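# Give me a 3D structure for the following:
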Amino acid sequence: MNLFRERGRLLALVTLVLVAGFVTTSLASYWVSRQEIHRSIVNNALPLTGDTIYSEIQKDMLRPVFISAQMAHDTFLRDWIIAGEQDTSRIERYLAEVRLRNQTVTSFLISEHSRHYYHHQGLLKTVAETDPRDAWFFRARQLKADYEINVDTDYANRNKLTIFINYRVNDYAGRFIGITGVGITLDSMAKLLKSYELRFGRQIYFLNQQGEVVLTGRADQHRGSIRQQAGLSDIAEQILSRNTEPTQLVYRQGSEEIQLNSRFIPELGWYLVVEQNETRLLRPAQRMLLINLLISALVTGVVIAAALYSINRTQRLLEKLASTDALTRVNNRQAFEVLLKQKGLELARQPRPLCGVLLDVDHFKLLNDQHGHQVGDTALRALGQLLREQGRAGDVVARWGGEEFIVLLDDCDLAQAAQWAERLRERVAAAPLGLPAEQSLTISLGVCRWERRETRAAFFSRLDQALYRAKAQGRNRVVVDESAAPDTVAGVLPEND
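Sure, this is the predicted structure:
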């Protein structure tokens, strides 16, 4: 009863410790996760996403710039302008081929000499300084750089807002003779933004210099001015600061807190804005806190239910380890003494013959010296397995010490014991036992019967003498001690003379 009471108190203490530990760990984990999420958004996620998207946009813009550069340096295009722009069908086919091959929305050429605006479908118009829509051309004429990226409406594509690459064309003497390039629609850029949002899991959009949302990857994105949006209006001036370095800001939208990263992109004249809803990002951590608490309760119950089983199983395992030889997995000397005493008590209640077999590995030291102790250990382990397989139910197998083993054959007369020992000797001699191919292993065995009123010391002495004679007679043999009277049976004997 006291044992059960002590065990109950122990389990109650374990339960208390587990519950306290799980709750403390779950709350601490949630707090750390919350702080880490905040630091990750502010210090890493948004800045890195902004930088990555900016780099991706620059990379996506490089291809049309490269195409425009090839056009501007194409000898056909330059020669056609220099030759007086004869046969406009040739330039139309050229521009159509550029557009088709590179999957751009448009391709164009404006000649400085004629001011004609050619595109893939033919002559579109003649540009004029008096037309506000043509102001980009006269601005581009004065560029010191080779090209510019310009966002404007495309006359040839139903006035869709398009990103143009305007590349200066010079003749072979370096004189300006026109502007050529390609255009990609904002629909293409919107698809890119949508892919970025899916990839990074954040809201991404562009603002013009007046603070109006001009490009987003989401159909439900508000398209008005940020100056009129709750929360954003408080930080609108900080966003629209024309700062090309990333600006980290935060605003609240109802009960939710939004982290925001913005930067001005001079090539487009727009602001790139990346947002992360920190409150929504924390919701999985909050759900995990509740799940952890529920799991903790379940685990506590399972642990308590398994504790008794584990304690009992561990105790049995320790008892087994204490009674088993670590190398050969047969009983050790201490366990053999206990089993021998139990066997004596059984024989006292039900007398029957009991024989002992003491065996020793021949030339084991030489085996170790030639092949190493690891090979010797392998052989002993295999020998132990053979003994366990050869033994019968009720027999006792133990490692006597070193390379010696002892077997008690229950309800077995001397002749049967001799036959059993001979079969074992033959099996060991034929088995590989993990040895090198050219190496074999033999054993010598001594056999005797435990006689009535014989002490243990006398019994083991006779066994040892029988084994000694087997080794003296050349090893790899069985010697039977028949010195005792054949009509006696074993019984309960005193431990000493």
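# tell me the phi and psi of residue 330?
Main-chain torsions, residue 330, degrees, to the nearest 10: phi -100, psi 180.
# my read: it touches residue 390, true?
No - the pair residue 330 and residue 390 fails to qualify as a contact (C-beta atoms under 8 Å) at a distance of 11.4 Å. To be clear about C-beta, it is placed using only N, CA and C from the backbone, and glycine gets the same treatment.
# Give me the neighbour count for residue 278.
Counted with other C-beta atoms under 10 Å, the neighbours of residue 278 add up to 18.
# Quickly note the distance from the closest residue to it other than its chain neighbours to residue 91.
In space, and not counting its chain neighbours, residue 278 is closest to residue 257: 4.9 Å by C-beta to C-beta, 6 or more residues apart in numbering. Residue 257 sits 56 Å away from residue 91, taking C-beta to C-beta, to the nearest Å as the criterion.
# How about residue 255?
Counting by C-beta to C-beta, the gap from residue 255 to residue 91 is 60 Å.
# what do you get for residue 264?
Taken as C-beta to C-beta, the span from residue 264 to residue 91 is 37 Å.
# rewinding a little: so who does the residue nearest to residue 278 touch?
Taking C-beta atoms under 8 Å, 6 or more residues apart in numbering, we find residue 257 in contact with 250, 251, 277, 278, 279.
# so which helix or strand takes in it?
Element membership of residue 257 [criterion: DSSP states H and E] is strand 256-265.
# quick one: strands adjacent to that strand?
strand 247-253 (antiparallel), strand 270-277 (antiparallel) (DSSP bridges).
# Out of those strands, the one nearest residue 116 is which?
strand 270-277 (30.8 Å; C-beta to C-beta).
# Return the distance of that closest one from the chain's centre.
The chain centroid and the centroid of strand 270-277 are separated by 32 Å under C-alpha atoms, centre = their mean, to the nearest Å.
# pLDDT (mean, whole number) over that strand?
For strand 270-277, mean pLDDT is 86.
# still on that earlier bit, going by neighbour count, list what's buried in the strand holding residue 257.
Neighbour-count burial for strand 256-265 flags 257, 258, 259, 260, 261, 262, 263, 264 (criterion: 16 or more other C-beta atoms under 10 Å).
# Return the member of these nearest to residue 465.
Of the buried residues of strand 256-265, the one sitting nearest to residue 465 (C-beta to C-beta) turns out to be residue 259, at 90.1 Å.
# Quick one: residues contacting that closest one.
Neighbouring residues of residue 259 by C-beta under 8 Å, 6+ apart: 41, 42, 46, 248, 249, 250, 275, 276, 278.
# PyMOL command to pick out the buried ones of those?
The buried subset of those, as determined by 16+ other C-beta under 10 Å, is captured in PyMOL by this line:
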select buried, resi 41+42+46+249+275+276+278
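# Dump the contacts of residue 259 to CSV, plus distance to residue 98.
Below are the contacts of residue 259 laid out as CSV (distance: C-beta to C-beta, whole Å):
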residue, distance to residue 98
41, 43
42, 45
46, 38
248, 42
249, 42
250, 46
275, 38
276, 40
278, 46
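# closest to residue 152 among the contacts of residue 259?
Minimum distance to residue 152 across the contacts of residue 259 is 27.6 Å, recorded for residue 275 (C-beta to C-beta).
# And the pLDDT for the spatially closest residue to that closest one that is not a sequence neighbour?
Residue nearest to residue 275 in three dimensions, not counting chain neighbours: residue 203, with 4.2 Å by C-beta to C-beta, 6+ apart. Residue 203 carries a pLDDT value of 85.
# quick one on the thing from earlier: out of the buried residues of strand 256-265, who's nearest residue 123?
Nearest member of those to residue 123, counting by C-beta to C-beta, is residue 264, at 37.5 Å.
# how about residue 300, secondary structure?
Three-state assignment for residue 300 (DSSP: H, G, I helix; E, B strand; the rest coil): helix.
# Assess the claim that it and residue 21 are in contact.
No - if you go by C-beta under 8 Å, residue 300 and residue 21 don't touch, sitting 9.4 Å apart.
# now the closest residue in space to residue 104 that isn't next to it in sequence, which residues is it bridged with?
Spatial nearest neighbour of residue 104, chain neighbours left out: residue 182 (4.1 Å); criterion: C-beta to C-beta, 6+ apart. Assessed by DSSP bridges, residue 182 has beta-bridge partners residue 107.
# Now for residue 182: which residues touch it?
Neighbour list for residue 182: 64, 67-68, 71, 98-99, 102, 104-108, 164-165 [criterion: C-beta under 8 Å, 6+ apart].
# Include neighbour count and pLDDT when you put those residues into CSV, please.
Shown next, in CSV, are the contacts of residue 182 (neighbours: other C-beta atoms under 10 Å; pLDDT from 0 to 100):
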residue, neighbour count, pLDDT
64, 22, 86
67, 21, 92
68, 29, 92
71, 24, 94
98, 24, 94
99, 20, 91
102, 17, 88
104, 22, 86
105, 20, 85
106, 23, 89
107, 27, 92
108, 25, 94
164, 25, 87
165, 27, 87
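# Among these, which pair sits farthest apart?
71 and 105 (15.1 Å).
# Which per-residue confidence value corresponds to residue 351?
Looking at residue 351, its pLDDT is 89.
# Let me know the secondary structure of it.
What three-state DSSP gives for residue 351 is coil.
# Buried ones in stretch 206-218, by neighbour count?
For stretch 206-218, the neighbour count (16+ other C-beta under 10 Å) marks 206, 207, 208, 211, 213, 214, 215, 216, 217 as buried.
# that older thread, between residue 330 and residue 390, which is the more surrounded one?
residue 330 (23 against 16).
# related to what we said a few turns ago, of the contacts of residue 257, closest to residue 466?
Nearest member of the contacts of residue 257 to residue 466, counting by C-beta to C-beta, is residue 278, at 85.6 Å.
# what is the nearest residue to residue 202 once chain neighbours are set aside paired to in the beta sheet?
Closest residue to residue 202 apart from its sequence neighbours, by C-beta to C-beta, 6+ apart: residue 276 at 5.1 Å. As for beta bridges, residue 276 partners with residue 259 under DSSP bridges.
# doesn't residue 45 make contact with residue 276?
Yes - in this structure, residue 276 is within contact of residue 45 by C-beta under 8 Å, at 6.3 Å.
# Give me the common contacts of these two.
Residues touching both residue 276 and residue 45 (C-beta under 8 Å, 6+ apart): residue 202.
# Assign residue 445 to helix, strand or coil.
With three-state DSSP as the criterion, residue 445 reads strand.
# actually residue 379, sorry about that
The three-state label for residue 379, taken from three-state DSSP, comes out as helix.
# My understanding was that it contacts residue 433; is that so?
Yes - contact criterion C-beta under 8 Å: residue 379 and residue 433 qualify, at 4.7 Å.
# From the neighbour counts alone, determine which of these two ranks first.
Ranked by neighbour count (other C-beta under 10 Å), residue 379 and residue 433 place residue 379 first, with 24 against 20.
# Quickly note the distance from that one to residue 443.
To residue 443, residue 379 is 11 Å away according to C-beta to C-beta.
# hey, what's in contact with both of these two?
residue 361.
# Just give me the neighbour total for residue 143.
Residue 143 has 14 neighbouring residues, counting by other C-beta under 10 Å.
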